[in-house]
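> Got a predicted structure here, sequence first:
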Amino acid sequence: MISVNYTHFRNNMKKHLDIVTDDCEPVTVTRKENKNVVIISEAAYNNLLENAYLTDSKANYDWLMESVAQHKAGKTKHHKLIEDPNE
């Protein structure tokens, strides 16, 4: 994670926003009185929301963890995808 002060961020905004979007690197903008902000890409933000949603329910979290355990134990099967001829 990159950390810059507010003035440096303001003077180099395009550069820092390109780092956030192109390199998927969060940028922390430090401000007075420790009122810092973290800038992340929309894709990273959406990913955080999706993960929060998927793990919000204990039952869903347990189901996901069981699936991960099955995958690690080699208890999964690969299937060829069936393509829809209408697409």
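That came through fine.
> Hmm, Arg31 and Tyr6 touching each other?
Yes - between Tyr6 and Arg31 there is a contact under Cβ atoms under 8 Å: 5.2 Å. No exception for glycine: its C-beta is placed from N, CA and C like everyone else's.
> Tell me how many other residues crowd Ile19.
Number of residues near Ile19 (other Cβ atoms under 10 Å) recorded here: 18.
> Val29 sits in which helix or strand?
If you go by DSSP states H and E, Val29 is part of strand 27-30.
> Counting by contacts, list what that strand packs against.
Judged by 3 or more Cβ pairs under 8 Å, 6 or more residues apart in numbering; DSSP states H and E, the packing partners of strand 27-30 are strand 2-5, helix 6-11, helix 13-22, strand 37-39.
> quick one: strands adjacent to it?
strand 2-5 (parallel), strand 37-39 (antiparallel) (DSSP bridges).
> ok, back up a step: include distance to His79 when you put the helices and strands packed on strand 27-30 into CSV, please.
What follows is the helices and strands packed on strand 27-30, written out as CSV (distance: least, Cβ to Cβ, whole Å):
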stretch, distance to His79
strand 2-5, 42
helix 6-11, 48
helix 13-22, 35
strand 37-39, 40
